[in-house]
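Asks: A predicted structure for the sequence below; I have some questions about it.
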Amino acid sequence: MSFIDNVEIPRKTMVLFFVVDTSGSMYGDKIGALNDAIRETVPDLKELSENNADAKIKIATLQFDTHIQWLTSEPIDSENFVWNDLEAGGLTSLGAALYELKDKLSTKKFMKEAVGSFAPVIILLSDGAPTDDYKTALNEIKRNNWFKHAIKVAIAIGNDADKNVLAEVVGSPEAVIDVHGKEALKKLIRFVSVTSSQVNSKSSGVDDTTKSEKVIDQIKEFVDTENINDIGDDEW
């Protein structure tokens with residue numbers, strides 16, 4: 001066996017960002033189902049990362065209500081990530097969340113891996129409408145190259161979610177998936193998280209736009225095949 005056979009090839013990093021609305025309207029079944037879904041998804045992301053020759057997957061979570069808070073001070077390897085349940089209360093400060101996300105989408109902060117990083121995955125979950133000036137913040141973050149190239153998906157929770165605003169943030173109405181019950185939400189969060197990470201953490205030779213289109217196509221097929229909003233639980 002040659003020396004090179006014993007050398008571990010360094011992998012890039014791909015960060016999965018959960019950007020979670022924890023305003024008061026999320027109280028109860030919504031935040032409970034979201035907590036359950038992400039907790040149950042973490043082992044799948046860990047397995048995906050362990051078996052990925054191209055990239056290790058890290059997780060970062062930003063919650064926004066009246067206040068903005070990261071669950072951890074930096075992205076955590078999926079192998080070591082532990083989900084701590086979120087609680088709901090307060091207003092929907094989406095604009096402040098976008099400013100905070102933009103600040104961390106930098107090689108000096110959350111994208112500072114020495115080996116390099118794939119474009120991130122950003123999953124936005126919300127059940128309402130912004131209560132602050134999100135448009136100015138959105139114009140700012142749209143100039144961020146990490147944000148431009150990220151796979152961005154929004155999950156609109158319930159009938160009161162402002163899907164037009166979510167589409168503005170993620171760049172397309174096609175990337176906004178609506179959901180109306182707790183079991184449907186759990187299934188959707190799991191599928192979107194794993195599928196987006198799987199597609200975006202591979203050196204496939206295709207550009208980021210093509211990766212995004214592939215993810216959206218797979219999500220739409222899943223929603224149609226699973227009848228995601230007709231699985232029997234009560235609507236919110």
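Replies: Looks like it came in fine. Residues are numbered from 1 along each chain as shown.
Asks: can you give me the strands in this protein?
Replies: 12-21, 55-64, 68-70, 76-77, 121-126, 151-157, 176-179 (DSSP state E).
Asks: tell me which of these sits nearest to residue 108.
Replies: Nearest to residue 108, of all these, is strand 12-21, at 14.3 Å by CB to CB. C-betas here are computed from N, CA, C, even on glycine.
Asks: out of the strands of the chain, which gets nearest to residue 227?
Replies: strand 176-179 (12.0 Å).
Asks: and the biggest helix by length in the chain, what does it pack onto?
Replies: Of all segments of type helix in the chain, defined using DSSP state H, the longest is helix 29-50. With contacts defined as 3 or more CB pairs under 8 Å, 6 or more residues apart in numbering; DSSP states H and E, helix 29-50 has these neighbours: strand 12-21, strand 55-64, helix 182-200.
Asks: will you turn the ones you listed into a markdown table that also has mean neighbour count and mean pLDDT?
Replies: Output for those, formatted as a markdown table (neighbours: other CB atoms under 10 Å; pLDDT from 0 to 100):
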| stretch | mean neighbour count | mean pLDDT |
| --- | --- | --- |
| strand 12-21 | 24 | 97 |
| strand 55-64 | 24 | 97 |
| helix 182-200 | 22 | 96 |
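Asks: turn these into TSV, columns for distance to residue 169.
Replies: Converted to TSV, the helices and strands packed on helix 29-50 look like this (distance: least, CB to CB, whole Å):
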stretch	distance to residue 169
strand 12-21	9
strand 55-64	12
helix 182-200	15
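Asks: one step back: what's in contact with the longest helix of the chain?
Replies: Contact partners of helix 29-50, identified using CB atoms under 8 Å, 6 or more residues apart in numbering, comprise 16, 18, 20, 22, 26, 55-57, 59, 61, 77-79, 81-83, 85-88, 125, 127, 157-158, 182-183, 185-190, 193-194, 197-198, 201, 236.
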